[in-house]
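Chemist: Can you look at this prediction? I've put the sequence above it.
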Amino acid sequence: MTHYIIFQRTFAHCITELIQAPSLTEALAAYAVKECGAKICDDDSLIDTTGIIYPHSLAMIESKRKADRKYDELQLDASGGELINHSSWEIRELPSEAWNAPSADIFCSANPDEVSGYIRLCRTEFRKQYPRSRARAFVWHLVDGPLVTFYQARDRDYRRPIKTLKRYLIPWSQWPDVQEYQGPHQDIVDQMHVRFPF
């Protein structure tokens with residue numbers, strides 16, 4: 001079993017949770033059940049308390065935490081410049097050796113300036129297809145580089161999940177080239193960089 005640290009920064013405060021699970025996929029599902037009120041269906045999809053069905057626990061977390069108004073990822077204003085929100089949702093693996101160490105660095109949140117830079121870099125590519133869009137974005141840290149997701153927000157009554165408009169990967173090996181990304185949620189989970197330090 002592995003321990004995972006979940007860090008949430010809101011306007012008002014920070015929350016750190018610890019989840020124990022055999023894999024990152026199962027940790028995300030456990031979080032969705034505990035914190036989002038999800039029920040897991042026979043086909044591993046999830047249904048929330050309002051009846052919305054999500055194909056994967058990561059899709060629910062993206063909609064209810066990464067893109068939620070309380071937890072909305074670091075956002076740039078419509079002109080693409082000034083940071084208007086400092087909230088985030090992140091997950092890291094707690095190394096087993098940290099339990100017995102007299103002192104251990106176990107978590108470092110994403111650097112707001114770097115996250116803003118990733119979004120800004122990808123927004124240029126995004127605007128080629130959506131020139132007038134004011135879409136918000138969030139970032140997942142993958143082993144190959146940052147993954148930026150532009151999305152259409154949920155309605156005020158939360159009757160539908162976010163709509164992913166585009167995802168872009170900025171591969172470390174080809175920095176600063178931006179590539180469109182179309183993998184499923186499980187591919188994102190499989191590539192997530194959750195070990196500290198990055």
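Modeler: It's in.

Chemist: Sketch out the strands for the protein, chain order is fine.
Modeler: 2-9, 14-21, 39-40, 46-47, 53-54, 75-76, 83-85, 88-94, 136-142, 145-152, 163-169, 179-181 (DSSP state E).

Chemist: Ok, which of these comes nearest Arg195?
Modeler: Arg195 lies closest to strand 88-94 among the strands of the chain, at 5.4 Å (C-beta to C-beta). The C-beta positions use only the backbone N, C-alpha and C, and glycine is treated the same way.

Chemist: Show me the contact partners of that closest one.
Modeler: Applying C-beta atoms under 8 Å, 6 or more residues apart in numbering, the contact partners of strand 88-94 are 2-9, 18, 24, 27-28, 31, 61, 65-66, 71, 73-74, 106-107, 109-110, 115, 192, 194-196.

Chemist: Can I get the buried ones among these as something I can paste into PyMOL?
Modeler: Typed into PyMOL, the next command selects the buried ones out of these (criterion: 16 or more other C-beta atoms under 10 Å):
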select buried, resi 2+3+4+5+6+7+8+9+24+27+28+31+61+65+66+71+73+74+107+110+115+192+194+196
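
Chemist: so can I have TSV of the strands of the chain showing mean pLDDT and distance to Arg123?
Modeler: Listed next are the strands of the chain as TSV, based on pLDDT from 0 to 100; distance: least, C-beta to C-beta, whole Å:
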stretch	mean pLDDT	distance to Arg123
strand 2-9	90	22
strand 14-21	91	27
strand 39-40	93	35
strand 46-47	92	30
strand 53-54	92	26
strand 75-76	52	7
strand 83-85	52	13
strand 88-94	89	18
strand 136-142	92	7
strand 145-152	93	8
strand 163-169	95	9
strand 179-181	97	14
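
Chemist: Dump those strands into TSV; add distance to Ile188 as well.
Modeler: Converted to TSV, these look like this (distance: least, C-beta to C-beta, whole Å):
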stretch	distance to Ile188
strand 2-9	16
strand 14-21	17
strand 39-40	19
strand 46-47	16
strand 53-54	14
strand 75-76	20
strand 83-85	22
strand 88-94	12
strand 136-142	6
strand 145-152	7
strand 163-169	8
strand 179-181	8
